[in-house]
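**Q** Got a predicted structure here, sequence first:
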Amino acid sequence: MPVRDPGAYVAEVFRTLARAQGIALAPPERTGARPDGRELGRVESEPLPEVLRDMLRFSTNLTAECVGLTASGAAGLSASASAMSEWVQGAFGVSFDLQDHSGLGGASRVTAAGMARVLGQAERERRGLKPILRDVGMRDDKGAAIEGHPVKVLAKSGTLNFVSGLAGHISPPSGRELVFAIFSGDPERRDAVPVALREDPEGVTAWTKRARRLQGQLVSRWAEAYV
């Protein structure tokens, strides 16, 4: 499980395990230098691209928040999101208003045009985003995956109540490659859902299916017309 402060987490878990064996340890203290001692064991994290690939594949929101907070070095989520927005502006010349790093906050604002620009520029500058995206496949008019289709769609989807997004690359075996971003939403319907019903509000399943079918139709049309 991703945690924001692995050192403090490990120290507290170790203290708890020791207490269960009758060993009383003082509360952990953070130190600026490693004390002398013999290393008994070590667990190395996967390289960051692998962590991010899994994050995108499984939509692990906690990982997104932890990575964003670590990258910015900010003390809180709001300040960290603001720092990320400023970084996007400086790196890509695109105005994002981020409230978090997972995309769960309804107050965040990102345009489809801005997202497409980030995707295109990131690939031209070889920033490593495209290689960690998942191939979501080409789909027919009913939304079913077309097995063995030569065109790859490397993208990230995002789904909330009455909100659906898909952004990424349309990659043919040869020829012109496209970047795209599709954002669909019904803010009024989303805001009208009572808190107690947000796990599975009435009508959300059918709405999401229609949004995903539209995404597949748009991607297929663009692939036919421009690739």
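**A** Thanks, I have it.

**Q** can we go C-alpha only for contacts and neighbour counts from here?
**A** Noted.

**Q** all helices of this structure, in order?
**A** For the chain, applying DSSP state H gives helices covering 6-20, 48-58, 61-72, 77-92, 112-124, 187-191, 204-226.

**Q** would you turn the ones you listed into JSON lines with distance to Gly168 and mean neighbour count?
**A** Formatted as JSON lines, these follow (distance: least, Cα to Cα, whole Å; neighbours: other Cα atoms under 10 Å):
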{"stretch": "helix 6-20", "distance to Gly168": "32", "mean neighbour count": "13"}
{"stretch": "helix 48-58", "distance to Gly168": "12", "mean neighbour count": "15"}
{"stretch": "helix 61-72", "distance to Gly168": "18", "mean neighbour count": "18"}
{"stretch": "helix 77-92", "distance to Gly168": "16", "mean neighbour count": "18"}
{"stretch": "helix 112-124", "distance to Gly168": "7", "mean neighbour count": "17"}
{"stretch": "helix 187-191", "distance to Gly168": "23", "mean neighbour count": "13"}
{"stretch": "helix 204-226", "distance to Gly168": "10", "mean neighbour count": "16"}
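
**Q** Can I get those in CSV including mean pLDDT and distance to Gly41?
**A** Below are the helices of the chain laid out as CSV (pLDDT from 0 to 100; distance: least, Cα to Cα, whole Å):
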stretch, mean pLDDT, distance to Gly41
helix 6-20, 91, 13
helix 48-58, 94, 21
helix 61-72, 92, 24
helix 77-92, 95, 33
helix 112-124, 96, 38
helix 187-191, 91, 49
helix 204-226, 91, 47
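
**Q** Would you mind listing the outside residues contacting stretch 124-131?
**A** Leu119, Ala122, Glu123, Leu154, Gly168, His169 (Cα atoms under 8 Å, 6 or more residues apart in numbering).

**Q** circling back: now distance to Val136 too, for the helices of the chain, in a markdown table please.
**A** Formatted as a markdown table, the helices of the chain follow (distance: least, Cα to Cα, whole Å):
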| stretch | distance to Val136 |
| --- | --- |
| helix 6-20 | 33 |
| helix 48-58 | 10 |
| helix 61-72 | 19 |
| helix 77-92 | 26 |
| helix 112-124 | 16 |
| helix 187-191 | 26 |
| helix 204-226 | 10 |
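
**Q** Show the contacting residues for the residue most central in space within the chain.
**A** Residue closest to the average C-alpha location in the chain (Cα atoms, centre = their mean): Leu56, at 5.0 Å. The neighbourhood of Leu56, defined by Cα under 8 Å, 6+ apart, consists of Ile132, Leu133, Arg134, Lys156.
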